[in-house]
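Visitor: From the sequence below, what's the structure:
(chains A and B)
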There are 2 protein chains.
Amino acid sequence: MFLRRSLATLSSLPPTVRQLLAPGTPSSSAPIQVHGWVRSVRRQKRVAFAVVSDGSSTEGLQAVFPDPSLVDSLSKGCAVKLTGVLVDSPGAGQAKELQVQAVDVVGECDPEEYPMNKREMNVDYLRDHCHLRTRTNHMAAIVRLRDSTIRTLQDYFTTLGFTYAHTPLIVSNDCEGAGETFRVLAPSEVPPTSTAKQASSSSSAAQDNGKPPEHFFGRPAYLTVSSQLHLEALATSLSRVYTISPCFRAERSQTGRHLSEFWMLEAEWAFTNKVDDVCQVVEGAVKQALSQSNLDLQLLRNELPESRLEAFEKAASAEPWTRITYTDAIRELEKAQSASKVFKYDPIWGSPLRSEHERWIAEQVANGPAFVTDYPTELKPFYMRLNDDGKTVACFDLLVPHLGELVGGSLREERMASLRKGMKREGLDAGSYDWYLDLRKFGGAPHGGFGLGFERLMSWMTGVENVRECIPMPRWAGRMLL
Amino acid sequence: MFLRRSLATLSSLPPTVRQLLAPGTPSSSAPIQVHGWVRSVRRQKRVAFAVVSDGSSTEGLQAVFPDPSLVDSLSKGCAVKLTGVLVDSPGAGQAKELQVQAVDVVGECDPEEYPMNKREMNVDYLRDHCHLRTRTNHMAAIVRLRDSTIRTLQDYFTTLGFTYAHTPLIVSNDCEGAGETFRVLAPSEVPPTSTAKQASSSSSAAQDNGKPPEHFFGRPAYLTVSSQLHLEALATSLSRVYTISPCFRAERSQTGRHLSEFWMLEAEWAFTNKVDDVCQVVEGAVKQALSQSNLDLQLLRNELPESRLEAFEKAASAEPWTRITYTDAIRELEKAQSASKVFKYDPIWGSPLRSEHERWIAEQVANGPAFVTDYPTELKPFYMRLNDDGKTVACFDLLVPHLGELVGGSLREERMASLRKGMKREGLDAGSYDWYLDLRKFGGAPHGGFGLGFERLMSWMTGVENVRECIPMPRWAGRMLL
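Guide: Predicted coordinates:
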């Protein structure tokens, strides 16, 4: 700890607004310098005020100007260096304030032209100004909450003996087999039609003879849709591994729960043989994330009804979450449907749960998060472990109120014959999965794992409805700014 | 802390070998279960021994079998569950051992067929068995060291008030302008020639009419080569941001320092206006990483000469690292060249430093890490801040012995006229950088940042010469297994 401190002070960075406003920070007698952007200015006859934010906290620093002419050069959005003394604030609303002695505008901002100086900025306007929208208090809070949530989850997995591992993003297979996988091409592989602008580049000359260019990696390359298979290889040597990694799906669906590029927390571990045990690790992780208490989460939940806040508190408590098999869930849905026709789609054993079914299970059956386990084999990918009944697999989806599916996981099939059957069912070419079969052939232990959509977690935790607002620079079909 | 503990115990995971061997773990009176893979078996007349590893530590657990027949079913690589009592070890070499009462083989491994059961496995063989090579103690140590290094760096940046942010991987621009950028295509954009196997897929039918397909994102999409520009947008609202993110370059160079997919630590922060300050943050971060003390680092450095270990210690000490301008560095190189023609290539002001020059500066001039600052404008990208001399930019490369360039950084040009001139010089289309110019137009503060190649840091810290051994599943031109 001593070492860490001494190295931190090696750095020449001045304190942030968050650090200055932290309880216990002493008032300064010597002048200090504060940097930030002006949020608002208020000029009176004998004194002026401004709120300055540096994005380190939801809170801005109140700056008091005994000489009101000092604020003449200030406008919303301009970057400033203020020199002054940090004192206890006599006013309500803040513990400290800066008595400003000198003002230095280091980046001007014309209030007439500034796109973030509008009274009304709806969600579409902010998406169109993606490069500026983290200047809103709301969006900045999302970015900071992502950070604190990731560190919370990392601490949790480290405590449990997991190793954080990087799996490749460019891969040779399509793990989920859903046909929504992006292709990756080197400049030399790009066909001339799609490189109109680069036509003269020497690197694309190779294909002018009509022959298809050679693959850069010696075979077709894709962007990963899930790190699972690669994590399984690592779990067969390191026992417990997890990653927080980008995943990519070329989906055209324009729902509030889908992005073309999203982050996923995925974990895999060896020597587990009960779905219940996998669920328990998931439940611990999500409860850990929910137990955070910070200004960002408070700000984001500001407009949620009391009932949702209570639901979060209950979900974070020690009380275990509901677990119900797919078969029992279908029975509950059928009962509700025949009693009062609550669903547009009839629930049928063997069919996927619809969104309306998923939410109803979480909201009406469980009144909170619910693990639905043991889905029919046909509904799930080849790698999930077949149950003794021969019809279902040892898997779960975690469904939560207002959102639906947050996590999916399973035991993985470690028995060679069963695994080959699953691959055949899905029409996979066993040859390109030789390495995956090797993991079973040589010391393959029973194992399991899960994947959690990180933007969905953010969305659920904060009540921010669309995942496009849960990541600073979202990508979806038709949209990629920056 | 109480909450964290209580949630961790919520999980049903048994202790790992690392946890069992940690100093202070009490001996058990009740039997415990230990899972892992057999590293070695040694059978004597009245007793047998095995070493079992679960990949959580460089150390395996010594298992003692009072009934030697218990090891009959064991062979190298098989996965086992051992039931026994953890006791203080009477033997040398380990503090604890497991007195085994029952053995359960949960995953067999035929020693005749097992690819990792060879006496000699050179680096190429292990690369060819990428899915199994983390089963070697050496490669597993790399994966664990990546984890601990990342968490160390995250702690450092969190302490300094930085927010960890995710920037997009799919982007619309080529930040470095080096023409080595991978293209990303949705299935509907892939030309028929490169999808022979998928020709019948409905999603590629769109282009059969001869028209080029529409871009999935409405414009061409690339894989990011650096997160810098996007981090700059975030730094203009959150002040201090960093990321640890995959980057991609379609390089054909087959050196020990290049990968097609690698991880980069990048940080950007506002309100800095001296290259020296940026260097200081970098120096603090790298020293923090070097100050780790763990079994993984010890194992990996095992065969390094004493002189290199001393050099690491010196580099991690409080003593500041060398800083020298490019101009002075050229002068030193010229002196050495004219005195004794040590270089293949003459050092010339205005030309890039060659690898031989870089290493000579670190090894001979600095005898340790060296920041070389203020390179000629023409050698650096458009976004670096022009110095008052009009010929150099406010930038640095951090050069280290045995490796060369580890980090590159700079102040970023915040003055609109200067920035536009730089973009023109590089032939960039200002239109597609409108958002980047906006960051200057509206409250643009002086700012700077850097990028550190994470695999290069691993390589330098450990003495593992090739970055292909510093990431579990490497990708380079012609190579993508799994």
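Visitor: what about stretch A:99-113, average pLDDT?
Guide: pLDDT averaged over stretch A:99-113 equals 96, rounded to a whole number.
Visitor: And for stretch A:344-351?
Guide: Mean pLDDT, computed over stretch A:344-351, is 97.
Visitor: quick one: the helices in the stretch 201-350 of chain A?
Guide: A:228-238, A:275-290, A:295-300, A:306-316, A:326-340 (DSSP state H, counting those that start in this stretch).
Visitor: correction: the stretch 1-150 of chain A
Guide: Along the stretch 1-150 of chain A, counting by DSSP H, counting those that start in this stretch, helices occupy A:2-10, A:17-21, A:123-128, A:137-159.
Visitor: winner for burial among the helices of the stretch 201-350 of chain A?
Guide: When the helices of the stretch 201-350 of chain A are scored by mean count of other Cβ atoms under 10 Å in any protein chain shown, the highest mean neighbour count falls to helix A:228-238 (a mean of 27). For glycine as for every other residue, the C-beta is placed from the backbone atoms N, C-alpha and C.
Visitor: and it, how far from the chain's centre?
Guide: 22 Å (Cα atoms, centre = their mean, to the nearest Å).
Visitor: picking up where we left off before, determine which of the helices of the stretch 201-350 of chain A approaches residue A:53 most closely.
Guide: Proximity to residue A:53 (Cβ to Cβ) singles out helix A:295-300 among the helices of the stretch 201-350 of chain A, at 12.6 Å.
Visitor: which residues sit against the closest one?
Guide: Defining contact as Cβ atoms under 8 Å, 6 or more residues apart in numbering or on different chains, one finds that helix A:295-300 is touched by A:57-59, A:137-138, A:141-142, A:144-145, A:148, A:461-464.
Visitor: Report the helix or strand with the lowest average pLDDT across chain A.
Guide: Considering only helices and strands, the least confidently modelled element of chain A by mean pLDDT, DSSP states H and E is helix A:2-10, at a mean of 42.
Visitor: picking up where we left off before, export the helices of the stretch 1-150 of chain A as a markdown table, with columns for distance to chain B.
Guide: Below are these laid out as a markdown table (distance: least, Cβ to the nearest Cβ, whole Å):
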| stretch | distance to chain B |
| --- | --- |
| helix A:2-10 | 5 |
| helix A:17-21 | 6 |
| helix A:123-128 | 11 |
| helix A:137-159 | 4 |
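Visitor: weakest of those in terms of mean pLDDT?
Guide: Taking each of these in turn, the one with the lowest mean pLDDT is helix A:2-10, at a mean of 42.
Visitor: Wait, residue A:29 touches residue A:85, no?
Guide: Yes - in this structure residue A:29 lies within contact range of residue A:85 using Cβ atoms under 8 Å: 7.1 Å.
Visitor: which of the two has more neighbours?
Guide: It is residue A:85, of residue A:29 and residue A:85, that has more neighbours when counted by other Cβ atoms under 10 Å in any protein chain shown, with 15 against 9.
Visitor: what bridges to the more buried one?
Guide: Residues found in beta-bridge contact with residue A:85 (criterion: DSSP bridges) are residue A:99.
Visitor: ok, it - contacts?
Guide: With the criterion set at Cβ under 8 Å, 6+ apart, residue A:85 makes contact with A:27, A:28, A:29, A:30, A:31, A:32, A:98, A:99, A:101.
Visitor: Kindly report the same for residue A:16.
Guide: A:54, A:56, A:57, B:161, B:239, B:240.
Visitor: Go again with 7 Å.
Guide: When the contact criterion is Cβ atoms under 7 Å, 6 or more residues apart in numbering or on different chains, the partners of residue A:16 are A:54, A:56, B:161, B:239.
Visitor: got a list of what the first one touches?
Guide: In this structure, residue A:54 makes contact with A:16, A:17, A:35, A:36, B:239, judged by Cβ under 7 Å, 6+ apart.
Visitor: Now the third one: closest residue in space, sequence neighbours ignored.
Guide: Nearest-residue entry for residue A:35: residue B:271, 3.8 Å, with adjacent residues in sequence omitted and distances by Cβ to Cβ, 6 or more residues apart in numbering or on different chains.
Visitor: Over to the last one?
Guide: The shortest distance from residue B:239 to any residue other than its chain neighbours is 4.4 Å, reached at residue A:54 (Cβ to Cβ, 6+ apart).
Visitor: Can you read off the pLDDT for that neighbour?
Guide: pLDDT recorded at residue A:54 is 98.
Visitor: Going by distance to residue A:478, which of the contacts of residue A:16 wins?
Guide: Of all the contacts of residue A:16, residue B:239 has the smallest distance to residue A:478: 32.2 Å, by Cβ to Cβ.
Visitor: can you pull the contacts of the closest residue to chain B within the stretch 251-400 of chain A?
Guide: Residue of the stretch 251-400 of chain A nearest chain B, by Cβ to the nearest Cβ: residue A:271 (3.8 Å). Under the criterion of Cβ under 7 Å, 6+ apart, the contact list for residue A:271 reads A:239, A:445, A:446, A:447, B:35.
Visitor: Turn the contacts of residue A:16 into TSV, including distance to residue A:276.
Guide: Shown next, in TSV, are these (distance: Cβ to Cβ, whole Å):
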residue	distance to residue A:276
A:54	47
A:56	42
B:161	42
B:239	45
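Visitor: Of the residues you listed - the most surrounded one?
Guide: Each of the contacts of residue A:16 was scored by neighbours using other Cβ under 10 Å; the highest score is residue B:239's, at 29 neighbours.
Visitor: wait, isn't it in contact with residue B:267?
Guide: No - using Cβ atoms under 7 Å, residue B:239 is not in contact with residue B:267; the gap is 11.5 Å.
Visitor: Quick check, pLDDT for residue A:414.
Guide: The confidence metric pLDDT takes the value 96 at residue A:414.
Visitor: Now it: closest residue in space that isn't a chain neighbour?
Guide: Closest residue to residue A:414 in three dimensions, ignoring its sequence neighbours and counting by Cβ to Cβ, 6+ apart: residue A:444, at 4.8 Å.
Visitor: Next: residue A:393.
Guide: The shortest distance from residue A:393 to any residue other than its chain neighbours is 3.9 Å, reached at residue A:384 (Cβ to Cβ, 6+ apart).
Visitor: Can you name the residues bridging to the one you found?
Guide: residue A:412.
Visitor: residues in contact with it?
Guide: When contacts are counted by Cβ under 7 Å, 6+ apart, residue A:384 is found next to A:393, A:394, A:395, A:410, A:412, A:413.
Visitor: Mind doing that once more with 10 Å?
Guide: Taking Cβ atoms under 10 Å, 6 or more residues apart in numbering or on different chains as the definition of contact, the neighbours of residue A:384 are A:275, A:375, A:377, A:392-395, A:408-413, A:422, A:448.
Visitor: again with residue A:261
Guide: By Cβ under 10 Å, 6+ apart, the residues touching residue A:261 are A:182, A:223, A:246-249, A:455, A:471, A:473-476, A:480, B:166, B:168-171, B:184, B:221.
Visitor: So in that sheet, which strands flank the one helix or strand residue A:396 maps to, and in what orientation?
Guide: Per DSSP states H and E, residue A:396 falls inside strand A:395-400. Sheet pairing of strand A:395-400 (DSSP bridges) gives strand A:370-373 (antiparallel), strand A:404-412 (antiparallel).
Visitor: where does the closest residue in space to residue A:222 that isn't next to it in sequence land in three-state SS?
Guide: With sequence-adjacent residues excluded and distances taken as Cβ to Cβ, 6+ apart, residue A:222 is closest to residue A:181, at 4.6 Å. Three-state assignment for residue A:181 (DSSP: H, G, I helix; E, B strand; the rest coil): coil.
Visitor: How many residues are close by residue A:181?
Guide: Counted with other Cβ under 10 Å, the burial measure for residue A:181 works out to 22 neighbours.
Visitor: right, and it touches residue A:260 too?
Guide: No - at 11.3 Å, residue A:181 does not count as touching residue A:260 under the criterion of Cβ atoms under 10 Å.
Visitor: what touches both of the two?
Guide: Where contact means Cβ under 10 Å, 6+ apart, the residues bridging residue A:181 and residue A:260 through contact with each are A:223, A:248, A:249, A:250, B:186.
Visitor: The last one: how many residues sit nearby?
Guide: Close neighbours of residue B:186, defined as other Cβ under 10 Å, add up to 25.
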